[in-house]
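Chemist: below are the sequence and a predicted model for it; my questions follow.
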Protein chains: 2
Amino acid sequence: MDQDLKAYFAKTLAEVSIDCVIFGFHAGELKVLLLRWKETDGWSLPGGRIFKEESLNAAAVRILQERTGLTEIFLHQYYTFGDTNRNTHFTEMELLERLEGFFGKGIFDELLHNRVVSVGYFALVEFALVQATPDWFTDECRWWNIADVPNLLFDHNDMITSALQALRQQIRNQPIGYDLLPEKFTMPELQKLYETILDKQFDRRNFQKLLMSYDILEKLDEKRVGVANKSPFLYRFDKQKYEKAIHSGISFSM
Amino acid sequence: MDQDLKAYFAKTLAEVSIDCVIFGFHAGELKVLLLRWKETDGWSLPGGRIFKEESLNAAAVRILQERTGLTEIFLHQYYTFGDTNRNTHFTEMELLERLEGFFGKGIFDELLHNRVVSVGYFALVEFALVQATPDWFTDECRWWNIADVPNLLFDHNDMITSALQALRQQIRNQPIGYDLLPEKFTMPELQKLYETILDKQFDRRNFQKLLMSYDILEKLDEKRVGVANKSPFLYRFDKQKYEKAIHSGISFSM
DNA sequence: TATCATTGTGTAAAATTTACGCATTGATAT
DNA sequence: ATATCAATGCGTAAATTTTACACAATGATA
């Protein structure tokens, strides 16, 4: 296994890597996918190295696929992190020593002491479709509520903070939801998604009017059944019009 | 000189570099600063390598300083370009061969055949203050009207295109002008800047009302003299309020 | 069968954006 | 010296968008 890793290192770039903030939405909460490093309680974002013959975007797609099993997902490059101390500055010494002990000095140095620039992507995925899968360095891969994210390894807390800012920028100028929600959803569910991302409440009547004005939603004849009180109608995105709105841009002004 | 270059290569990252789109505004035209490579008619963006102990942002500031002489400038990281063929794909073979002939195979390979990821920044500078200075690889450094930019080396035309998109995004959500205009300017000059960047005409009365509503401009008692017809008043940005508006954000909705 | 939280639909007020009028200015032409 | 004229300063009304809120309908639960 150590040999495989050496070969992997040899075939990939040493000074640039990729980290991904994978957003999901479930039970009215915004979540991110995190990995726990083997034999430690240190968590980090999903990430990986770039093959020498592989484009940046292709590498990001591959990493996403490896961690979630998904291939068709929204992926957006939002910032490149290039501080010289980003490997270690935000991580406690004790945890670094534990990692060094477990992985051995060779791997540890290559991975954590080299100066590496990391390109940040964020992804929007449908929660229910994700098969969370750890990588070689990690034991566990699972969702965390955005509000409950612990202190992470490296500069990954910063990465999440600025990914959330980028997502908020995104939601104000482009339709969002096709990638985060199941195919059919109710208007209150869509509203809750917007409210969660922007951390802001909206009047449901005005929200519905604004969203419908974008002409990207299709109201279905079905209603959600078995839910408390009055059954809400189901909606679905019109993929064609949705794509068009992504290109022309919208303005979510609430 | 070749020794210096080797030492420079040894002290800098090999897989990541920086390229900067430096915007200026003069005589009602938006301009970018370009460099002509020695003994060729191939033009490129200002760029450079990153010292191993230098953060990405510090390297960008240094490169800006080296090309313009300016230290206090608006600088914004907007995208990282990571296609595998970005070195050569958009450049004619003939020109590449001329560069190889002039610089020698060693330098050429290091510079143009290695796979390099480039972090794109754009800068906004005051045209009159710039001391355009070529670097080791180039003979000439001068302004080009954005509309007249020729076919550039590497993927640099793409870089300008997406930098302009990022600038347009910027101008709609943040005040712009402090970095591009001289200290004192007239309302029509400010309007022309907005119109040039967004490639769109505005009603001058509505433009003035909107800009004044941001509460970042200070109307002076002076007028611009010696200009045709009625002399317009001079304005200046209130730096304090301008900074505050950058943080809170504005919405340029015209 | 009554209750009640939630949803569906609509309307009026407030705020913002857009369109445009008119007097003033000061260099230029006569 | 004076008339001309394009550009500027300042303002108002219409159109549109955003915001606030009213009320009936629904369907699970008590």
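Modeler: Right, received. Where do you want to start? Numbering: from 1, shown residues only, chains lettered A, B, ... in the order given.
Chemist: what about stretch A:120-138 and chain B, touching?
Modeler: No. Applying Cβ under 8 Å from any Cβ of the partner chain, one finds stretch A:120-138 separated from chain B by no less than 9.1 Å. (C-beta placed from N, C-alpha, C; glycine too.)
Chemist: same check on stretch A:68-88?
Modeler: Yes. Part of stretch A:68-88 sits near chain B under the criterion Cβ under 8 Å from any Cβ, namely A:77, A:79-84.
Chemist: same check, this time on stretch A:8-20
Modeler: Yes. Judged by Cβ under 8 Å from any Cβ, stretch A:8-20 comes into contact with chain B through A:13-16.
Chemist: and the host helix or strand of A:Arg36, which strands flank it?
Modeler: Assigning secondary structure by DSSP states H and E places A:Arg36 in strand A:29-37. As defined by DSSP bridges, the strand partners of strand A:29-37 come to strand A:12-26 (antiparallel), strand A:43-44 (antiparallel), strand A:138-145 (antiparallel).
Chemist: looking at the ones you listed, which is nearest to B:Val21?
Modeler: Evaluated with Cβ to Cβ, these place strand A:12-26 nearest to B:Val21, the distance being 20.8 Å.
Chemist: buried sites along the closest one?
Modeler: A:12-25 (16 or more other Cβ atoms under 10 Å in any protein chain shown).
Chemist: identify the farthest-apart pair in those.
Modeler: Taking Cβ to Cβ as the measure, the buried residues of strand A:12-26 span a maximum distance of 35.8 Å, between A:Ala14 and A:Phe25.
Chemist: ok, back up a step: can you redo the buried residues of strand A:12-26 as a markdown table with pLDDT?
Modeler: Output for the buried residues of strand A:12-26, formatted as a markdown table (pLDDT from 0 to 100):
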| residue | pLDDT |
| --- | --- |
| A:Thr12 | 97 |
| A:Leu13 | 97 |
| A:Ala14 | 95 |
| A:Glu15 | 96 |
| A:Val16 | 97 |
| A:Ser17 | 97 |
| A:Ile18 | 98 |
| A:Asp19 | 98 |
| A:Cys20 | 98 |
| A:Val21 | 98 |
| A:Ile22 | 98 |
| A:Phe23 | 98 |
| A:Gly24 | 98 |
| A:Phe25 | 97 |
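Chemist: so which of these comes closest to DNA strand C?
Modeler: Nearest to DNA strand C out of those is A:Phe25 (Cβ to the nearest atom of the strand; 16.1 Å).
Chemist: can you list the strands paired with strand A:29-37 in JSON lines and add distance to A:Gly69?
Modeler: As requested, these are arranged in JSON lines below (distance: least, Cβ to Cβ, whole Å):
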{"stretch": "strand A:12-26", "distance to A:Gly69": "12"}
{"stretch": "strand A:43-44", "distance to A:Gly69": "20"}
{"stretch": "strand A:138-145", "distance to A:Gly69": "11"}
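Chemist: near DNA strand C, which residues of the stretch 51-200 of chain A show up?
Modeler: A:186-188 (Cβ under 7 Å from any atom of the strand).
Chemist: and if we set it to 10 Å?
Modeler: A:186-189, A:191-192 (Cβ under 10 Å from any atom of the strand).
Chemist: can you pull out the strands in the stretch 51-200 of chain A?
Modeler: With DSSP state E, counting those that start in this stretch, the ranges of strands along the stretch 51-200 of chain A come out as A:74-81, A:117-124, A:138-145, A:185-186.
Chemist: so which of these is the most packed in?
Modeler: For those, average neighbour numbers computed from mean count of other Cβ atoms under 10 Å in any protein chain shown are highest in strand A:117-124, which has a mean of 25.
Chemist: now that strand, how far from the centre of its chain.
Modeler: Mean-position distance between strand A:117-124 and its chain equals 8 Å (Cα atoms, centre = their mean, to the nearest Å).
Chemist: rewinding a little: and which of the buried residues of strand A:12-26 is nearest to chain B?
Modeler: Checking those against chain B by Cβ to the nearest Cβ gives A:Glu15 as the nearest, at 4.2 Å.
Chemist: show me the contacts for that closest one.
Modeler: A:114-117, B:13-16 (Cβ atoms under 8 Å, 6 or more residues apart in numbering or on different chains).
Chemist: next: A:Ala163.
Modeler: Counting by Cβ under 8 Å, 6+ apart, A:Ala163 makes contact with A:21, A:23, A:78, A:120, A:122.
Chemist: try it again at 6 Å.
Modeler: For A:Ala163, the contacting residues are A:21, A:78, A:122, by Cβ atoms under 6 Å, 6 or more residues apart in numbering or on different chains.
Chemist: distance check, it against A:Tyr78.
Modeler: In this view, A:Ala163 and A:Tyr78 are 6 Å apart by Cβ to Cβ, to the nearest Å.
Chemist: before we move on, back to that, dump the strands paired with strand A:29-37 to TSV, plus distance to DNA strand D.
Modeler: TSV is the format used below for the strands paired with strand A:29-37 (distance: least, Cβ to the nearest atom of the strand, whole Å):
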stretch	distance to DNA strand D
strand A:12-26	21
strand A:43-44	38
strand A:138-145	26
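Chemist: closest one to A:Val225 among those?
Modeler: Nearest to A:Val225 among the strands paired with strand A:29-37 is strand A:12-26; the distance by Cβ to Cβ comes to 20.3 Å.
Chemist: do the closest one and DNA strand C meet?
Modeler: No. On the criterion Cβ under 10 Å from any atom of the strand, strand A:12-26 is out of touch with DNA strand C, staying 16.1 Å away.
Chemist: could you save the strands of the stretch 51-200 of chain A as JSON lines and add columns showing distance to A:Phe102?
Modeler: As requested, these are exported to JSON lines (distance: least, Cβ to Cβ, whole Å):
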{"stretch": "strand A:74-81", "distance to A:Phe102": "25"}
{"stretch": "strand A:117-124", "distance to A:Phe102": "22"}
{"stretch": "strand A:138-145", "distance to A:Phe102": "11"}
{"stretch": "strand A:185-186", "distance to A:Phe102": "43"}
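Chemist: possible to save those strands as CSV with mean pLDDT?
Modeler: Listed next are these as CSV, based on pLDDT from 0 to 100:
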stretch, mean pLDDT
strand A:74-81, 98
strand A:117-124, 98
strand A:138-145, 97
strand A:185-186, 97
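Chemist: out of these, nearest to B:Lys200?
Modeler: strand A:74-81 (26.2 Å).
Chemist: name the surrounding residues that touch the closest one.
Modeler: So strand A:74-81 is in contact with A:60, A:118-124, A:155, A:162-163, A:166, A:179, B:80, B:119, going by Cβ under 6 Å, 6+ apart.
Chemist: any idea how far it is from the chain center?
Modeler: Strand A:74-81 sits 10 Å away from the centroid of its parent chain (Cα atoms, centre = their mean).
Chemist: put the alpha carbons of it into PDB.
Modeler: Provided in PDB are the C-alpha atoms of strand A:74-81 (Å, rounded to 0.1, in the frame of the first residue of the first chain):
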ATOM      1  CA  PHE A  74     -22.600  21.200  -9.700                       C
ATOM      2  CA  LEU A  75     -19.000  22.100  -9.200                       C
ATOM      3  CA  HIS A  76     -17.600  25.600  -8.900                       C
ATOM      4  CA  GLN A  77     -14.100  26.800  -8.400                       C
ATOM      5  CA  TYR A  78     -14.200  29.700  -5.900                       C
ATOM      6  CA  TYR A  79     -10.800  30.500  -4.600                       C
ATOM      7  CA  THR A  80      -7.200  29.400  -4.500                       C
ATOM      8  CA  PHE A  81      -5.500  29.200  -1.100                       C
END
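Chemist: okay, the angle between that strand and strand A:12-26?
Modeler: Here the directions of strand A:74-81 and strand A:12-26 differ by 130 degrees (axes from the mean of the first three to the mean of the last three Cα atoms, to 10 degrees).
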